[in-house]
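Novice: What follows is a predicted structure for the sequence shown.
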Protein chains: 2
Amino acid sequence: MASFLVNGWPAQSIDTADRGLAYGDGVFRTLLVREGRALNWARHHRLLERDCRMVGIAPPDPAIVLDEIRRLAPANATVKVIVTRGSSGRGYAYPEDMAPTRIVVAYASIPVDPEPARDGIGARRCDLVLGEQPRLAGVKSLNRLENVLARAEWRDPAIREGFICDAAGRVIEGTMSNVFIAKAGAVATPALTRCGVVGAQRERVRDLLAAQGIACAERDVPFAELAGADELFITNSVIGIWPVVRLGAWVGAPGPVARLIQRLVAADDAAAA
Amino acid sequence: MASFLVNGWPAQSIDTADRGLAYGDGVFRTLLVREGRALNWARHHRLLERDCRMVGIAPPDPAIVLDEIRRLAPANATVKVIVTRGSSGRGYAYPEDMAPTRIVVAYASIPVDPEPARDGIGARRCDLVLGEQPRLAGVKSLNRLENVLARAEWRDPAIREGFICDAAGRVIEGTMSNVFIAKAGAVATPALTRCGVVGAQRERVRDLLAAQGIACAERDVPFAELAGADELFITNSVIGIWPVVRLGAWVGAPGPVARLIQRLVAADDAAAA
């Protein structure tokens, strides 16, 4: 069950001429609403705004978006905010006065399965290799066919996430998450300057670690380096923080860094206005 | 003015939960209809079907698509056929029994400006560099944000097309077209094994040249090689064949290969059943 607002109006459909459909010409973010509070909203909105600017779309007024989120999700929901360049005629060129389309979708909350956060997950390395496109690196654009194809590589429910690398064998992200590695007290997450999506949860985790005096390097991480990890975990605004306990031949356990981050994120959510 | 059929039904809108919007999870082709005949239809449909298979979407029945094209475009129109993976809940994973969404759009024909085909066009080299993604190379997917950003680099109406290269400086395509180069009687078009879109017009041009005993190499073409061209021209199913007469410092004129191709394409269109 999902409910929708399109430019503030209840709707189940969008204009067939919308460039979001025609070209994936837009951006989106997905967040949790708990007891009417949009969790980690400041980072979600900052990233949505940055993504809009990266592709030349006028960003929506955050107060309007937040109001629409509250209308659709007065209690608990998973909410997706999509901003497209709007409707146009045929062709990649667009007029300067485009009116963007703002879509807010609220999905009914499903009960949280505590198991993956508690016990950790199995993961795999995807065969698909991410293309490098620095102009869109970090942007959560509507061009997500790579993620779809990577996620379609497996159906084994024991595997909850796939790690995706670039052509140089650097791990970039999970199909739906960002990746962190801890080794001998040092924490790192892949640099997302060539490809990948910067998640709001990733940014929060980095900020929360910094506030604890724990540096989190943002750097190239060769996939081979994961075999020497003390801890691996993935982050996503909906699932939260999931320790990885199996990745190919590597076997680990939920570790102190993942547990610390889970506590810090929970406290940050609880403290949100 | 445009008219639409969505899964065979007249519609101005599509389900907001369609994965074509959410992820660009689909493919499309654009073609001309003249006096009720879908021009170059066999190649358009073959490529649409191939693209569907490349991304794991069940291709539509060509007879149904052609019937819908005829319903929407009994005389003259530009027609776009979009096939998405269909509607689903949130998340990149999808069930095995997805029902694809088939969208046929007919745009009213606008009078053809004879000037660019006759006199040739000015073109530029785009700053945007295409990412390499062999899994999607050649596919006309709904992930076209690179083309949108490349086309947004200029507004000078004297420039009708932008050439886009990959990171190694190989020319791949135009923002909306495929590229051909002729030099000393040899014709070539960029290989599209790493990125780029295989256009139906490109495939027809290669077939028509082959039928004349003229080999057209499909190979890597360094952008620098264009400076030594005798002729450059671009191909697209809607615009046809446009000679390029200016590209940066390079100045040319419509040449015998482009003129031959224009005649062959016109004859092929006239001969279509």
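Specialist: That came through, no problem. Numbering: from 1, shown residues only, chains lettered A, B, ... in the order given.

Novice: Quick check, pLDDT for A:Ala273.
Specialist: A:Ala273 is assigned 54 on the pLDDT scale.

Novice: What residues does A:Ala117 make contact with?
Specialist: A:239-243, A:262 (CB atoms under 8 Å, 6 or more residues apart in numbering or on different chains). For every residue, glycine as well, the C-beta is placed using N, CA and C.

Novice: which phi and psi does it have?
Specialist: With angles defined as degrees, to the nearest 10, A:Ala117 sits at phi -70, psi -30.

Novice: again, but for A:Ala271
Specialist: phi -80, psi -10.

Novice: Could you check how far it is from chain B?
Specialist: 27 Å (CB to the nearest CB, to the nearest Å).

Novice: now A:Val33, what's its secondary structure?
Specialist: Of the three states, A:Val33 takes strand under DSSP: H, G, I helix; E, B strand; the rest coil.

Novice: That one: neighbour count?
Specialist: Look at A:Val33: counted by other CB atoms under 10 Å in any protein chain shown, it has 21 neighbours.

Novice: That one is in contact with A:Ala106, isn't it?
Specialist: Yes. Assessed by CB atoms under 8 Å, A:Val33 is found in contact with A:Ala106 at 7.5 Å.

Novice: which residues do the two both contact?
Specialist: Shared contacts of A:Val33 and A:Ala106 (CB under 8 Å, 6+ apart): A:69, A:73, A:77-79.

Novice: now the contacts of A:Ala117 as JSON lines including distance to A:Ala271, secondary structure and neighbour count?
Specialist: Converted to JSON lines, those look like this (distance: CB to CB, whole Å; DSSP: H, G, I helix; E, B strand; the rest coil; neighbours: other CB atoms under 10 Å in any protein chain shown):
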{"residue": "A:Ile239", "distance to A:Ala271": "20", "secondary structure": "coil", "neighbour count": "19"}
{"residue": "A:Gly240", "distance to A:Ala271": "16", "secondary structure": "strand", "neighbour count": "19"}
{"residue": "A:Ile241", "distance to A:Ala271": "17", "secondary structure": "strand", "neighbour count": "25"}
{"residue": "A:Trp242", "distance to A:Ala271": "22", "secondary structure": "strand", "neighbour count": "26"}
{"residue": "A:Pro243", "distance to A:Ala271": "23", "secondary structure": "strand", "neighbour count": "24"}
{"residue": "A:Gln262", "distance to A:Ala271": "15", "secondary structure": "helix", "neighbour count": "18"}
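
Novice: Which of these sits closest to A:Phe163?
Specialist: A:Phe163 has its nearest neighbour among these in A:Trp242, at 12.6 Å by CB to CB.

Novice: does the residue lying closest to A:Ala167 once chain neighbours are set aside sit in a helix or strand, and which one?
Specialist: Excluding the flanking residues, the one nearest A:Ala167 by CB to CB, 6 or more residues apart in numbering or on different chains is A:Val129, at 5.3 Å. Assigned by DSSP states H and E, A:Val129 belongs to strand A:121-130.

Novice: List the contacts of that strand.
Specialist: Identification of contacts with strand A:121-130 by CB under 8 Å, 6+ apart yields A:146, A:149-150, A:153-154, A:158-167, A:172-175, A:195-196, A:223, A:232, A:234, A:242-248, B:133-135.

Novice: Could you rerun that using 6 Å?
Specialist: Residues from elsewhere that reach strand A:121-130 (CB atoms under 6 Å, 6 or more residues apart in numbering or on different chains): A:146, A:149-150, A:153, A:158-164, A:166-167, A:172, A:195, A:242, A:244, A:246-247, B:135.

Novice: In chain A, mark out all the helices, start to finish.
Specialist: A:19-23, A:41-55, A:62-72, A:115-119, A:145-151, A:200-211, A:256-271 (DSSP state H).

Novice: Ranking those helices by mean neighbour count, which comes first?
Specialist: helix A:19-23 (a mean of 28; mean count of other CB atoms under 10 Å in any protein chain shown).

Novice: Which strands or helices does it pack on?
Specialist: Contacts defined by 3 or more CB pairs under 6 Å, 6 or more residues apart in numbering or on different chains; DSSP states H and E place helix A:19-23 against helix B:19-23.

Novice: Pretty sure A:Asp97 is one of the things A:Gly86 touches, is it not?
Specialist: No. Assessed by CB atoms under 6 Å, A:Gly86 is found out of contact with A:Asp97, at 9.6 Å.

Novice: Among the two, which residue is more densely surrounded?
Specialist: A:Gly86 (23 against 7).

Novice: ok, for A:Leu260, nearest residue in space, not its chain neighbours?
Specialist: Using CB to CB, 6+ apart, the nearest residue to A:Leu260 is A:Gln212, at 7.3 Å.

Novice: State the distance from that neighbour to B:Leu209.
Specialist: 66 Å (CB to CB, to the nearest Å).

Novice: Can you give me the neighbour number for the residue nearest to A:Leu192 when sequence neighbours are not counted?
Specialist: In space, A:Leu192 comes closest to A:Gly138 once its chain neighbours are excluded; the distance is 4.7 Å by CB to CB, 6+ apart. A:Gly138 has 20 neighbours, counted by other CB under 10 Å.

Novice: And A:Ala227, by the same measure?
Specialist: The tally of other residues near A:Ala227 (other CB under 10 Å) stands at 11.

Novice: Do I have it right that it meets A:Val251?
Specialist: No. A:Ala227 lies out of contact with A:Val251 (CB under 6 Å); the separation is 10.5 Å.
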